[in-house]
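Undergrad: show me the folded form of this:
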Amino acid sequence: MYILFVCKHNMFRSKIAESYFRQINKNKNLKIGSAWIVRGYLPLDRDEVFASKSFGIKLNGKPKRLSIDLLKRQDLIFIVADDVPLNFLNDRRYVKPTLKVVKWNIKDNPDKGEDRILKIIKQIVLKVNNLYTKLN
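TA: Just a heads-up that it's a prediction; the model follows:
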């Protein structure tokens, strides 16, 4: 099963979800990834990288673009954001008929305060834990 976490820039929310899922995943049949729909700009936010380390989560690697080839493979897509339009799913030629899309509506971090960053990470960790439990 292919699972993809998507947020606007693939620099924080979807990367947290992907990294944490990889960290807890023991099921080799679950293939995990993350991607962006709008190009972000490097470098990653230092405060977000630091805060994620307190959860044992590493934010690294370049953001990955949501391509048609990547989209075609997915069984489950989790929109890990409140600011991602779903119009990329309008053309059903590029998705499996059985594709399931779930929107988590996790707000971005406009004020960049540590408490706000930690709150977002906790939300994502809780949702990923619940997802992992359901899948196993």
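
Undergrad: run a quick neighbour tally on Leu118.
TA: 14 (other Cβ atoms under 10 Å). The way it works is simple: take the backbone N, C-alpha and C, and place the C-beta from them, glycine included.

Undergrad: again, but for the one 5 residues further on
TA: Applying the criterion other Cβ under 10 Å, we find 17 residues in the vicinity of Gln123.

Undergrad: and it, how far from Val80?
TA: For Gln123, the distance to Val80 equals 9 Å [Cβ to Cβ, to the nearest Å].

Undergrad: so what sits against both of these two?
TA: Trp104, Ile106 (Cβ atoms under 8 Å, 6 or more residues apart in numbering).

Undergrad: where along the chain do the strands fall?
TA: 2-7, 31-36, 76-79, 100-103 (DSSP state E).

Undergrad: mean neighbour count, the ones you listed: which tops it?
TA: Mean neighbours per residue, mean count of other Cβ atoms under 10 Å, is largest over the strands of the chain for strand 2-7, with a mean of 26.

Undergrad: direction included, what does that one pair up with?
TA: According to DSSP bridges, strand 2-7 has the following sheet partners: strand 31-36 (parallel), strand 76-79 (parallel).

Undergrad: can I get the CA coordinates of it in CSV?
TA: Taking C-alpha atoms only, strand 2-7 is exported to CSV below (Å, rounded to 0.1, in the frame of the first residue of the first chain):
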residue,chain,number,x,y,z
TYR,A,2,1.3,3.4,-1.0
ILE,A,3,0.6,6.3,1.4
LEU,A,4,1.4,9.9,0.6
PHE,A,5,1.4,12.9,2.9
VAL,A,6,0.9,16.2,1.1
CYS,A,7,1.2,19.8,2.3
